[in-house]
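Peer 1: Sequence and predicted structure are below.
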Amino acid sequence: MTHSLLGKNEINSMNLKGSCFFQKQPAIIKIKRIKEKIMENYLVPLFSKQWDTLYENMYFIENIQKKLNLYYNTYKLEELSAYNDLLQVIKICMNNYQKIENFEKQNNANSHTKEVMSMVFKTTKIRLLPEYEIYDNILGKPNKQLNQKYNEYVLSMIKEFLGKEDCTYSKIKEYIEPFRQLHAFTI
């Protein structure tokens, strides 16, 4: 608090040297952006049951959690821990939703056969690195019988996109889609 020329107590973040009293100002803006990103990409789609949007944004959760942990360790704001826990819950919910969806697809495929009985095994899903999962979703898995391999250049571009703060699945898809032809001939 400082006194103005009018004699009022006012908050003035600048001093005569031009430096700011509040050192955490840039961090507050970054934290606010992360909160907005969580709201836009995870909470709103969750409550409006936009499962495709949530599925597309699943690849970015780990990067956001790393940033939340970094900011929590630096600034000790409890709300950051709560946001991290919230993202963990969303991750678990989406994994369970995917399991149910896969089970329903498998069950519907088997219902057309004349089987008397079938067995269901519950196993945990093996997750690939986000760049490989995005690659598989956009370009498809390489065919091992045709000696196809992952295109390392495309994987490195996806990984670079994942590191950017304003990146979305649709932006990655738009940029990677032209490599579909190249993908078919990668050996």
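Peer 2: Okay, I see it.
Peer 1: roughly how far out does stretch 58-76 sit from the chain middle?
Peer 2: Averaging C-alpha positions (C-alpha atoms, centre = their mean, to the nearest Å) puts stretch 58-76 11 Å from its chain's average.
Peer 1: swap that for stretch 53-61, sorry
Peer 2: 4 Å.
Peer 1: cool, stretch 48-56 as well?
Peer 2: On C-alpha atoms, centre = their mean, the centre of stretch 48-56 falls 12 Å from the chain's centre.
Peer 1: Name the residues of it that come out as buried.
Peer 2: Within stretch 48-56, the residues scored as buried using 16 or more other C-beta atoms under 10 Å are 53-56. Placement of C-beta: from N, CA and C, glycine included.
Peer 1: Pick the one among the residues you listed closest to Lys125.
Peer 2: Tyr55 (13.1 Å; C-beta to C-beta).
Peer 1: Quick check: mean pLDDT of the strand or helix carrying the closest one?
Peer 2: Applying DSSP states H and E as the criterion places Tyr55 in helix 51-57. Averaged across helix 51-57, pLDDT comes to 90.
Peer 1: Helices of this structure, residue ranges please.
Peer 2: Assigned by DSSP state H, the helices in the chain fall at 25-38, 44-47, 51-57, 61-75, 78-110, 130-139, 152-163, 169-176, 180-184.
Peer 1: Out of those helices, flag the one nearest Gln145.
Peer 2: helix 180-184 (13.6 Å).
Peer 1: hang on, the earlier thing: would you format the buried residues of stretch 48-56 as a markdown table with distance to Asn107 included?
Peer 2: Formatted as a markdown table, those follow (distance: C-beta to C-beta, whole Å):
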| residue | distance to Asn107 |
| --- | --- |
| Thr53 | 25 |
| Leu54 | 23 |
| Tyr55 | 20 |
| Glu56 | 25 |
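Peer 1: thinking again about what came up before, out of the helices of the chain, which gets the lowest mean score?
Peer 2: helix 180-184 (a mean of 64).
Peer 1: Count the residues that sit near Asn137.
Peer 2: 16 (other C-beta atoms under 10 Å).
Peer 1: And Asp166, its phi and psi?
Peer 2: phi -100, psi 20 (degrees, to the nearest 10).
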